[in-house]
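**Student:** Provided below are the primary sequence and the corresponding predicted coordinates.
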Amino acid sequence: MFRFLDQFAIILREAPVETGRAANRFSTSQAVGETEPLECHRCQCEKVYDQVMSRVLRVKNMCTSSGNTCTVKNFSAQRRRNKAISADYANIYMKPTGEAKRLKFAGGAALGSTHIGYGMDTAVDALEGWGTTAAPNEPADIVLENGTRIRNDGLPGDLVDWQEIGSWVLTGDGWFDGVTYQDTLVGLRRLIYGNLAIYMDLGAVLHFCQMHEERFHFFRDGKVEEFIECFDHFVNYVKDKYAHEHEVYSGQGTFGSPEGGYLRNGLRGIAANNFERSLTIIDHEQRNILEDFMYRLNQSSIPPAAFSDLGGRGGDARFRKFMNALEKVAGNRYGPGTMFSGIRGLFSATPLPYRIEHVSITMAGVVSISLQSQKQPFMYPFTGGDFSDQNVRTPWFKDVVRHFVRAENEDFTWPEGGTNTSYPVFLKRGGEDLGRVSASRHPQLKPLLYAEIQAVAAAGPR
């Protein structure tokens with residue numbers, strides 16, 4: 001007998017357990033395919049499952065289109081898929097249905113995945129500078145978008161290699177923390193692997209929420225626990241039918257894991273339109289997915305070849321060094337330049353978002369700078385610590401999503417207007433300058449934020 005429980009472990013109803021299906025340790029029902037969301041609803045709900053997965057798999061397989069081979073070494077293919085992932089999150093969020101706006105994670109994920117892509121670019125720049133071009137008969141660690149094949153030249157301190165020196169200087173003080181070519185290669189590969197793993201989980205969850213709501217309106221009608229039952233059956237179905245598509249769906253994979261109650265309680269928050277309660281979905285993504293598939297690899301969940309490509313067990317320490325150095329890129333927590341600017345919550349389709357800068361007019365000329373102390377509507381700084389520690393990064397990611405919602409709701413305290421020779425402006429370097437701002441005169445943030453998300457959607461491959 002299988003018992004359906006609510007969030008307080010109170011039995012809602014009981015149903016007989018079906019037999020003849022494979023075991024699934026992450027099903028709340030203890031076996032694949034046995035959950036019955038609603039006797040009158042299940043057959044209709046099941047029609048959504050393959051439609052959801054067709055959308056997810058289209059994005060996953062995007063890197064193999066146009067004749068590309070989706071290998072860990074093919075950066076062009078992997079970057080193409082990163083853009084497809086970012087665009088898919090953006091398209092979910094910008095759906096015209098009002099219910100889509102409950103899925104705050106889709107908007108934040110679109111921008112977050114975009115900046116993961118810029119982090120990949122930074123790692124590739126460093127590898128190209130540190131390494132050397134591989135001969136036709138030599139194995140390469142990575143193939144760049146222009147076809148150049150790069151391998152490690154084994155000379156981390158080669159002072160006559162000016163390209164190598166440039167790669168160290170390019171990344172500010174970050175790469176002087178003892179990070180090596182091999183650390184950076186492992187870092188790049190794990191960024192790529194984690195970007196896909198999180199999408200295979202979160203992308204499927206978001207598509208399911210949206211498609212189920214568009215068709216059945218359980219959120220609108222307050223059928224929260226009925227929705228959770230249907231979601232449980234969807235998880236079982238995916239892990240049963242699509243286990244071969246990605247490791248997160250395998251028997252040891254953590255797709256839809258009930259561990260900690262994070263995901264389902266977060267979905268209850270979405271269904272009840274309770275934003276703060278929904279934030280436990282971030283706990284699920286960071287603690288149940290990325291902890292196993294990016295930060296500290298769960299060897300039992302990952303094929304041996306992929307485990308080796310990702311640096312094996314020793315790769316955990318390499319990735320920790322890489323991420324904590326990446327956080328320091330450019331030195332300034334708000335980023336002084338237009339290149340990738342480290343680990344920050346950046347709500348932008350480009351490497352730097354709109355930001356408040358302070359103009360100073362003196363006899364020597366006009367200077368515009370971004371003060372590190374100035375709070376920004378489209379930036380949220382990381383305040384330090386070991387980013388690879390799930391108890392450090394998870395609360396920070398929640399704060400980033402809160403900041404996203406504040407920007408969407410126009411909840412920002414603009415600076416005072418200043419004087420004729422010293423005043424704040426709002427601009428995007430390399431983009432639009434919206435001019436002088438003050439507490440009484442400033443642009444609306446929501447249209448700008450949505451324009452950035454739409455730009456991410458438009459940048460996705462077709």
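**Tutor:** Cool, got the structure. Residues are numbered from 1 along each chain as shown.

**Student:** close enough to count as contact, D183 and N324?
**Tutor:** No. Under the contact definition of CB atoms under 8 Å, D183 does not touch N324, with a separation of 10.5 Å. For the C-beta atoms, the positions are set from N, CA and C on the backbone; glycine is no exception.

**Student:** out of the two, which sits in the busier spot?
**Tutor:** A direct count of neighbours by other CB atoms under 10 Å for D183 and N324 places D183 higher, at 24 against 19.

**Student:** ok, and the closest non-adjacent residue to that one?
**Tutor:** Closest residue to D183 apart from its sequence neighbours, by CB to CB, 6 or more residues apart in numbering: R318 at 4.4 Å.

**Student:** before we move on, what about D292?
**Tutor:** For D292, the spatially nearest residue (CB to CB, 6+ apart) is N298, at 3.9 Å.

**Student:** now do G431
**Tutor:** Nearest to G431 is T350, by CB to CB, 6+ apart, at 6.8 Å.

**Student:** which ones are touching the one you found?
**Tutor:** T350 sits next to 428, 430-431, 455 when contact means CB atoms under 8 Å, 6 or more residues apart in numbering.

**Student:** quick one: it from K375, how far?
**Tutor:** Using CB to CB, to the nearest Å, one gets 20 Å for the distance from T350 to K375.

**Student:** Let's see stretch 290-306 as CSV, backbone CA atoms only.
**Tutor:** As requested, the backbone C-alpha atoms of stretch 290-306 are provided in CSV (Å, rounded to 0.1, in the frame of the first residue of the first chain):
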residue,chain,number,x,y,z
LEU,A,290,25.3,20.4,-8.5
GLU,A,291,26.9,19.0,-5.4
ASP,A,292,26.9,15.6,-7.1
PHE,A,293,27.5,16.7,-10.7
MET,A,294,29.9,19.6,-10.4
TYR,A,295,31.4,20.4,-7.1
ARG,A,296,32.0,17.0,-5.5
LEU,A,297,31.4,14.3,-8.0
ASN,A,298,29.3,11.3,-7.0
GLN,A,299,31.3,8.6,-8.7
SER,A,300,28.4,6.1,-8.6
SER,A,301,26.2,8.5,-10.7
ILE,A,302,28.7,9.4,-13.4
PRO,A,303,30.1,7.1,-16.2
PRO,A,304,33.8,6.3,-15.8
ALA,A,305,34.9,8.2,-18.9
ALA,A,306,33.1,11.4,-17.9
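
**Student:** does the residue most central in space within the chain sit in a helix or strand, and which one?
**Tutor:** With distances taken as CA atoms, centre = their mean, S113 lies nearest the centre of the chain, 4.2 Å away. Counting by DSSP states H and E, the element that carries S113 is helix 104-130.

**Student:** Now do F404 against E245, distance only.
**Tutor:** From F404 across to E245, the span is 30 Å (CB to CB).

**Student:** cool, E276 as well?
**Tutor:** Summarising the geometry, the distance separating E276 from E245, computed by CB to CB, is 33 Å.

**Student:** Comparing these two, which residue is more hemmed in?
**Tutor:** For the pair E276 and E245, the greater number of neighbours falls to E245 (16 against 10), based on other CB under 10 Å.

**Student:** and the more buried one, what helix or strand is that in?
**Tutor:** Using DSSP H and E, E245 sits within no helix or strand.

**Student:** one step back: let's see the pLDDT reported for the residue nearest to D292.
**Tutor:** Listed pLDDT for N298 reads 94.

**Student:** Just say helix, strand or coil for the closest residue to D411 other than its chain neighbours.
**Tutor:** The shortest distance from D411 to any residue other than its chain neighbours is 8.0 Å, reached at V405 (CB to CB, 6+ apart). For V405, the assignment made with DSSP: H, G, I helix; E, B strand; the rest coil gives helix.

**Student:** so how many other residues sit close to V405?
**Tutor:** Residues within reach of V405, counting by other CB under 10 Å, total 14.

**Student:** Check S368 too.
**Tutor:** The burial count assigned to S368 is 14, neighbours taken as other CB under 10 Å.

**Student:** one step back: please read off the pLDDT at the residue nearest to the centre of the chain from the model.
**Tutor:** On the pLDDT scale, S113 is placed at 95.

**Student:** Over to F26?
**Tutor:** The predicted local confidence for F26 is 37.

**Student:** Can you get me a residue count around P461?
**Tutor:** By the other CB under 10 Å criterion, the neighbourhood of P461 contains 14 residues.

**Student:** what's the answer for V366, then?
**Tutor:** Burial measure for V366: 9 neighbouring residues, criterion other CB under 10 Å.

**Student:** just checking, what packs against whichever strand or helix holds the residue nearest to D183?
**Tutor:** Using DSSP H and E, R318 falls within helix 315-326. For helix 315-326, the helices and strands in contact under the criterion 3 or more CB pairs under 8 Å, 6 or more residues apart in numbering; DSSP states H and E are helix 104-130, helix 181-198.

**Student:** Give the other helices and strands that the last one contacts.
**Tutor:** Identification of packing neighbours for helix 181-198 by 3+ CB pairs under 8 Å, 6+ apart yields helix 75-93, helix 104-130, helix 315-326.

**Student:** Next, format these as CSV and append distance to V366.
**Tutor:** Compiled in CSV, the helices and strands packed on helix 181-198 are given as follows (distance: least, CB to CB, whole Å):
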stretch, distance to V366
helix 75-93, 36
helix 104-130, 29
helix 315-326, 33
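
**Student:** Please identify which of those helices is closest to V59.
**Tutor:** For the helices and strands packed on helix 181-198, distance to V59 was read as CB to CB. The smallest value, 4.8 Å, belongs to helix 75-93.

**Student:** State the pLDDT value of the closest residue to D153 other than its chain neighbours.
**Tutor:** Taking CB to CB, 6+ apart, and ignoring the residues beside it in sequence, D153 has T132 as its nearest neighbour in space, at 4.1 Å. Confidence at T132, expressed as pLDDT, is 88.

**Student:** Assess the claim that T132 and R151 are in contact.
**Tutor:** Yes. Checked against CB under 8 Å, the pair T132 and R151 is within contact range at 6.4 Å.

**Student:** Mind listing the residues bridging to N74?
**Tutor:** Each beta-bridge partner of N74 is listed here, defined by DSSP bridges: V143.

**Student:** okay, now it: neighbour count?
**Tutor:** Using other CB under 10 Å as the criterion, the residues surrounding N74 number 18.

**Student:** now swap in the one 4 residues further on and tell me
**Tutor:** Neighbour count for Q78, taken as other CB under 10 Å: 25.

**Student:** Tell me the buried residues in stretch 287-301?
**Tutor:** Under the neighbour-count criterion of 16 or more other CB atoms under 10 Å, stretch 287-301 has 287-297, 301 buried.

**Student:** Okay, and which of those residues map to helices?
**Tutor:** With helices defined by DSSP state H, no entry of those lies inside them.

**Student:** Can you tell me which of the residues you listed comes closest to A271?
**Tutor:** Each of these was checked against A271 using CB to CB; the closest is N288, at 19.9 Å.

**Student:** How about the contacts made by the closest one?
**Tutor:** Contacts of N288 were listed using CB under 8 Å, 6+ apart, and they are 254, 257, 259-260, 262-263.
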